[in-house]
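S.K.: coordinates only, no sequence provided:
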């Protein structure tokens, strides 16, 4: 369980390319996801705890992405994923969405840069 989110009913993972980290659009999209899923808590991978987990797993296990697949995504109820500006998904974001949906059986959604969410 993630501390501080006990009042929320479910966790929504926001998978997006790292080139959107700390950009104004990232903040706006988190807000759009929160509005779309008002009873959900948006878990943004762009946080120091996830950066630390990624680096630790990369050093100790040879793959930083395994941190997300094995530690973060199993806690999520669903995911919302952002493609690049050209509409294509990067390998990491695609891998997260596929793992969440095909391996963990959770629903996934796509969000556009304009904030439109679709299944």
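M.R.: Looks like it arrived, so ask away. Owing to the predicted nature of the structure, the values given are computational and were not obtained by experimental measurement. Residues are numbered from 1 along each chain as shown.
S.K.: low-confidence ranges in this protein?
M.R.: 1-8 (pLDDT under 70).
S.K.: look up how far residue 46 lies from whatever residue is furthest in space from the centre of it.
M.R.: Largest separation from the mean C-alpha position in the chain: residue 60, at 22.6 Å (CA atoms, centre = their mean). Residue 60 sits 22 Å away from residue 46, going by CB to CB, to the nearest Å. For every residue, glycine as well, the C-beta is placed using N, CA and C.
S.K.: how many neighbours does residue 90 have?
M.R.: 17 (other CB atoms under 10 Å).
S.K.: ok, it touching residue 17?
M.R.: Yes: contact criterion CB atoms under 8 Å: residue 90 and residue 17 qualify, at 5.0 Å.
S.K.: what do those two both touch?
M.R.: Here residue 90 and residue 17 have 83, 84 as joint contacts, going by CB atoms under 8 Å, 6 or more residues apart in numbering.
S.K.: tell me the bridge partners for the residue nearest to residue 40 when sequence neighbours are not counted.
M.R.: Of all residues beyond its chain neighbours, the one nearest residue 40 is residue 12 (4.2 Å), with distances taken as CB to CB, 6 or more residues apart in numbering. Using DSSP bridges, the bridge partners assigned to residue 12 are residue 42, residue 78.
S.K.: quick one: residue 12 and residue 38 touch, right?
M.R.: No: with contact defined as CB under 8 Å, residue 12 does not reach residue 38; the gap is 10.7 Å.
S.K.: more neighbours: the two, which one.
M.R.: Counted by other CB under 10 Å, residue 12 and residue 38 do not tie: residue 12 has more neighbours, with 24 against 8.
S.K.: any figure for the gap between the more buried one and residue 61?
M.R.: 26 Å.
S.K.: cool, and residue 55?
M.R.: Taken as CB to CB, the span from residue 55 to residue 61 is 11 Å.
S.K.: from residue 25, how far off is residue 15?
M.R.: Residue 15 is 15 Å from residue 25, by CB to CB.
S.K.: looking at those two, which one has more neighbours?
M.R.: residue 15 (26 against 13).
S.K.: show me what contacts the more buried one?
M.R.: If you count contacts by CB under 8 Å, 6+ apart, then residue 15 has 45, 79, 80, 81, 82, 92, 93, 96, 97 around it.
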